[in-house]
Structure formats: structure tokens, C-alpha cells
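[1] Turn this into a model:
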Amino acid sequence: MLRARRLLLCILLALAGGLPVDALAAQVLLLLSEESSAFSEAAEAIVSELRSAGHRTQSLSLPLHSDESAALAGNALIITLGTRAAQTVSSMAPRSLVLHTLLPRSAFEKLTARSDDFRRVSAVFIDQPASRQIELLRIALPDWSRAAFVTSRESSELGQRLVASARDRRLRPVLEQLNDESELYPTLQRVLADPAVLVAVPDATLFNNRTISNILLTAYHQRSPVVGFSPAYVKAGALIALYSTPAQIGQQAGEAARAGLASGSLPPPAGPRHFRVGTNRYVARSLGINLEDAAVLQERLERSEGLP
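    Numbering: from 1, shown residues only. Prediction:
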């Protein structure tokens, strides 16, 4: 009885403005596309942010067992990590708030194409803003004016944003849209016949574990540097990588989740706020490129955005 009275008092205080709404513990479900170190790292950051506000969390990974599917109901908020988890939750059309993370913007837009409830469903994308990617080219490679982008239909809108941003900064963009992976290598050889900076985009149709080695070799043979979107690209032979760590995206998602639980509506979809830059000095020397240290490039890029 005493416990019920205390709960009622907390609710009344919250409604009257005496307590923030997120002072009332909410149940939040995290659904991971698979069990992996990247998803676990992001989930840990999200859980830390939510638990600091007193919220309860539960984490599940795909594939769901029959007894786990019921856990998707009865949550104030569902947070998905990865495209597969986002697709699974979207197909169930839950009535709770839904925050998608660690997925490309194109995947999110495809899931929400028929929805107009943007206060209930939001996202923190994995791909970097086009303006940030192009600004990095300008800062890191000032002597290179030609930038090449290869997309599929899945990433065509991202390609258009990159081209527009490149033109704004007086670069010479080249954009090729492919129908399938079989067109990739002939297209790269043609586009890079005149050396250019090849900007890889987070499109699994073209840029994936099967193709990354041959993409990098093709670009290297054409004396063209590659800018990737993960540390794996730099390790494999890209000149530069611009990316956000799972922990950075997780923290941003956790902050968005707290805001949504406090107000009843989620912040608008957004790209990563914080990021990192990686470089491959060996590739720079091999291509005869004078490249600043990664830390210097990151600091200059952060300063251009007014980040602390």
C-alpha cells in the first residue's frame, strides 16, 4: 500500500512539473541484429545512459525465440541496433516509441517511407553527413579536386547528397549508379582512369566483405586514394576512414532515448554527432600523398563544425 502511494505521488509530481518525467522508471527493450562486438559496444553505451536516469532495460538478439517475441510488447521504448533488427520491429508495427540505430539513412528512409509519425519513430544513422565527408576531402586532400562516388539504387539519394556537397565546395564529382555488383569493377576502372578520390558509401550491395579487397586493389592500381567508412577500410588499404564508433553512436542514441522518454516524442532522425578519423601512412607514401596525422585531421574537421 505504501509503495503504491509513493508511486502515485511520483506520478502527480511529474505531471505537476515537480519531477522530470524520466524520473519515473520506464521499460526499454534493446533488439540487436546479431551478437557481435560492435552491437554489444553500442548497447552498453545505451544501457549506461538509460540506467543513469533510472530506466530498466532488457537486451535481446536476433533470431528471436518464440518465448522472446512477446517481450516486444509492453515497453515504453524499443531501440534497434542494425538494419535486420529495424526491419523486424517495423514489420510488427509496435505502439511504443521506436529508435533505430546503427543503420544507414537509406535503410531507415525505406522503412518509414509510408509513415508520417516521426515523433514516435526516429533514428541515429551510421553514415556520416555528406557535408562532413566532403569537408574531410577538402582538408585532407586539398590538391585533389576530382571525387568519385559509386552507388546502387539503395544508396542513390546519398550519392546525390555527396555530389551536391562536393559541387558546393568546388570539387569535380563523378557519380555512377549501378544495377548490381557485377558492374562494379568495370565501372571503377573507367571512372578512375583519370585518378580521383574514391569515396566508399555504406551500401552493402557494393561495398561489403566480398568486394573490399578488389575495390582497394583496383583503386590502388589506378593511383586513386580511397576514403572508407570504417576502421577496417584503413587496415585493408584505404587512405582515410571517417567513422563513428559504436560507443559514440550508442551514447547519442541513449541521449535521444532519454529525451524521448521524458517528453513522449523522440528527437528528429540524425547522423552521428561525434566521429573519428583514421589514416594509413603506408598507403599515403605509396601514392606520394603528403597526409597529416589522423588526430590533426580530426581536430581540424571538428573545428570546422564548431564541435568542442
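[2] now what about stretch 273-291, what contacts it?
    Applying C-beta atoms under 8 Å, 6 or more residues apart in numbering, the set of residues contacting stretch 273-291 from outside is 128, 132, 136, 140-141, 220, 223, 225, 231, 234-235, 237-245, 248, 251-252, 293-295, 297-298, 301, 307. Just so you know, the C-beta spots here come from the backbone N, C-alpha and C atoms, and that holds for glycine as well.
[3] what about the strand or helix carrying E157, distance to the chain center?
    For E157, the host element (DSSP states H and E) is helix 156-168. Centre-to-centre, helix 156-168 and its host chain are 17 Å apart (C-alpha atoms, centre = their mean, to the nearest Å).
[4] avg pLDDT for it?
    In this model, helix 156-168 has an average pLDDT of 94.
[5] Okay, strands next: where are they in the protein?
    Chain-ordered strands for the chain, with DSSP state E as the definition, fall at 27-32, 56-61, 77-81, 97-103, 121-125, 146-151, 172-177, 197-199, 226-228, 240-243, 276-279.
[6] Show me the residue at the heart of the chain, geometrically.
    Most central in the chain under C-alpha atoms, centre = their mean is I126, positioned 0.6 Å from the mean C-alpha point.
[7] Okay, it and P268: tell me how far apart.
    In this structure, I126 lies at 17 Å from P268, with C-beta to C-beta, to the nearest Å as the measure.
[8] N208 too?
    Per C-beta to C-beta, N208 is found 29 Å from P268.
[9] Just give me the neighbour total for W144.
    17 (other C-beta atoms under 10 Å).
[10] looking at it, it is touching A196, isn't it?
    Yes. Applying C-beta atoms under 8 Å as the test, W144 and A196 come out as touching, 7.4 Å apart.
[11] per-domain residue ranges of this structure.
    2-126+247-263, 130-243+275-304 (automatic domain parsing).
[12] Least reliable of those by average pLDDT, please.
    Mean pLDDT across those is lowest at domain 2-126+247-263; the value there is a mean of 82.
[13] a markdown table for the strands of the chain, including mean neighbour count and distance to L261?
    Converted to a markdown table, those look like this (neighbours: other C-beta atoms under 10 Å; distance: least, C-beta to C-beta, whole Å):
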| stretch | mean neighbour count | distance to L261 |
| --- | --- | --- |
| strand 27-32 | 24 | 8 |
| strand 56-61 | 16 | 11 |
| strand 77-81 | 28 | 6 |
| strand 97-103 | 26 | 7 |
| strand 121-125 | 26 | 12 |
| strand 146-151 | 23 | 36 |
| strand 172-177 | 16 | 40 |
| strand 197-199 | 25 | 37 |
| strand 226-228 | 26 | 35 |
| strand 240-243 | 25 | 28 |
| strand 276-279 | 20 | 29 |
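[14] can those strands go into JSON lines with extra columns for distance to G260?
    Listed next are the strands of the chain as JSON lines, based on distance: least, C-beta to C-beta, whole Å:
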{"stretch": "strand 27-32", "distance to G260": "10"}
{"stretch": "strand 56-61", "distance to G260": "14"}
{"stretch": "strand 77-81", "distance to G260": "6"}
{"stretch": "strand 97-103", "distance to G260": "5"}
{"stretch": "strand 121-125", "distance to G260": "7"}
{"stretch": "strand 146-151", "distance to G260": "32"}
{"stretch": "strand 172-177", "distance to G260": "35"}
{"stretch": "strand 197-199", "distance to G260": "33"}
{"stretch": "strand 226-228", "distance to G260": "32"}
{"stretch": "strand 240-243", "distance to G260": "25"}
{"stretch": "strand 276-279", "distance to G260": "26"}
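[15] Any idea which of those strands gets closest to L216?
    Closest approach to L216 among these is made by strand 226-228 (5.9 Å; C-beta to C-beta).
[16] Need the contact partners of that closest one.
    133, 136-137, 197-200, 215-216, 219, 233-234, 236-243.
[17] who does it pair up with?
    In the sheet, strand 226-228 lines up against strand 197-199 (parallel), strand 240-243 (parallel) (DSSP bridges).
[18] Let's have those in TSV, adding distance to E41.
    Below are the strands paired with strand 226-228 laid out as TSV (distance: least, C-beta to C-beta, whole Å):
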stretch	distance to E41
strand 197-199	25
strand 240-243	13
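[19] out of the ones you listed, nearest to A73?
    Taking C-beta to C-beta as the measure, the strands paired with strand 226-228 were each checked against A73, and strand 240-243 came out nearest at 34.9 Å.
[20] what about that closest one, distance to the chain center?
    Average the C-alpha atoms of strand 240-243, do the same for its chain, and the two points are 13 Å apart (C-alpha atoms, centre = their mean).
[21] what does stretch 242-253 give?
    Centroid displacement of stretch 242-253 relative to its chain, using C-alpha atoms, centre = their mean, is 8 Å.
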